[in-house]
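Visitor: Sequence and computational prediction follow.
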Amino acid sequence: MKDLLVFAPEVEQALAANRPVVALESTIITHGMPYPQNLEVARRVEATVREAGATPATIAVIDGRIRIGLDDATLQGLAETPGAQVMKLSRADLAACLALGRTGATTVAATMICAHLAGIRTFATGGIGGVHRGAETSFDISADLHELARTPVTVVAAGAKAILDLPKTREVLETLGVPVIAFGQDALPAFWSRDSGLAAPLRMDDPAQIARAGLLRTDLGLSGGQLVVNPIPEADEIPRATMIPVVEQALAEAEAQGIAAKSVTPFLLQRIFELTRGRSLDANIALVLNNARLAARIAAAMA
């Protein structure tokens, strides 16, 4: 296993000294935004983690090895690589990418796996995957949910992406025994919006409480991690009343055009970007930075 993991020096030093480290995913770089905006945002997220007192560890597979932390040249090279040339990795694809010696970007599930292998307990992302609309017939449910139930990493997100079936996503997480902790409010956030209209199963207002809950799960012998849902800052949110018609229109267009399977989410996110005249991407960047700040505070409390 040591041959597969390649640590950036600052990450290796931080872990050895028991200083706080925050894992970051790489699909937002390769499949989330165009170049050079993806590189600018990746650098901003890493800088935000550092400013909040932790060491960032952006995770990706480069030439068949798991990189735990990327230097700036590697980060730029990944950002410049066309998404079609980079495998999008979840639990099912990770080992195959390594065996093929390929380059791959890690989703929430794959980042959790790699972070745990590296000894990192906290991970900041934008939003998790979940139960897709119509899953009762398509069975389209993100592997992220099962990963949260089996891998002991605290994941900080702004909720599940609002294009998903949020009530069913909450129900599946409850069935799998995943703690869903809203930070600082009683409502479950919905990615671009602070309030999904659903109550959060749990609420905590202190990062130290969240850190203690994560550590106690290990002490109790409970498998899996915990999901911390952090509402987007008020100044940056797109209210639910504004987003619902936009999401419904994008979903109707996807169905009318016969878009299915892995093509659905990229289509919807692009269409929502167009319908909101770019506001959805601005909100996405704001919430990722907000999650990075909170994750660094939780990591510091854990360390």
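Guide: That came through, no problem.

Visitor: which strands and helices sit next to the helix ranked longest in the chain?
Guide: When the chain is parsed with DSSP state H, its longest helix is helix 279-302. Contact here means 3 or more Cβ pairs under 8 Å, 6 or more residues apart in numbering; DSSP states H and E; on that basis helix 279-302 packs against strand 21-24, helix 37-51, strand 122-124, strand 154-157, helix 207-219, helix 264-275. (Each C-beta comes from the backbone N, C-alpha and C, glycine too.)

Visitor: Tabulate these in JSON lines, adding columns for mean pLDDT, distance to Arg91 and mean neighbour count.
Guide: Shown next, in JSON lines, are the helices and strands packed on helix 279-302 (pLDDT from 0 to 100; distance: least, Cβ to Cβ, whole Å; neighbours: other Cβ atoms under 10 Å):
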{"stretch": "strand 21-24", "mean pLDDT": "98", "distance to Arg91": "16", "mean neighbour count": "30"}
{"stretch": "helix 37-51", "mean pLDDT": "97", "distance to Arg91": "23", "mean neighbour count": "18"}
{"stretch": "strand 122-124", "mean pLDDT": "98", "distance to Arg91": "15", "mean neighbour count": "31"}
{"stretch": "strand 154-157", "mean pLDDT": "98", "distance to Arg91": "14", "mean neighbour count": "27"}
{"stretch": "helix 207-219", "mean pLDDT": "97", "distance to Arg91": "20", "mean neighbour count": "17"}
{"stretch": "helix 264-275", "mean pLDDT": "91", "distance to Arg91": "17", "mean neighbour count": "17"}
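
Visitor: In the protein, what helix or strand scores lowest on average pLDDT?
Guide: Across the helices and strands of the chain, the lowest-confidence element by mean pLDDT, DSSP states H and E is helix 135-138, at a mean of 88.

Visitor: Just the C-alpha atoms of that helix, please, in CSV.
Guide: The C-alpha trace of helix 135-138 is given here as CSV (Å, rounded to 0.1, in the frame of the first residue of the first chain):
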residue,chain,number,x,y,z
ALA,A,135,-34.8,6.2,-8.4
GLU,A,136,-37.8,4.0,-7.6
THR,A,137,-37.6,2.8,-11.2
SER,A,138,-34.0,3.6,-12.3
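
Visitor: List the buried residues of it.
Guide: If you call a residue buried by 16 or more other Cβ atoms under 10 Å, then helix 135-138 has these buried ones: Ala135.

Visitor: pLDDT wise, what is the residue nearest the centre of the chain at?
Guide: Among the residues of the chain, the one closest to the centroid is Thr125, at 3.0 Å (Cα atoms, centre = their mean). At Thr125, the pLDDT value in this model is 98.

Visitor: excluding its backbone neighbours, what's nearest Gln185?
Guide: Taking Cβ to Cβ, 6 or more residues apart in numbering, and ignoring the residues beside it in sequence, Gln185 has Pro231 as its nearest neighbour in space, at 5.9 Å.

Visitor: Just the pLDDT at the residue of the chain positioned farthest from its centre, thanks.
Guide: Distance from the centre of the chain peaks at Ala256, with 29.2 Å (Cα atoms, centre = their mean). For Ala256, the pLDDT comes out at 95.

Visitor: So Ile113 is in contact with Arg150, correct?
Guide: No: the pair Ile113 and Arg150 fails to qualify as a contact (Cβ atoms under 8 Å) at a distance of 9.3 Å.
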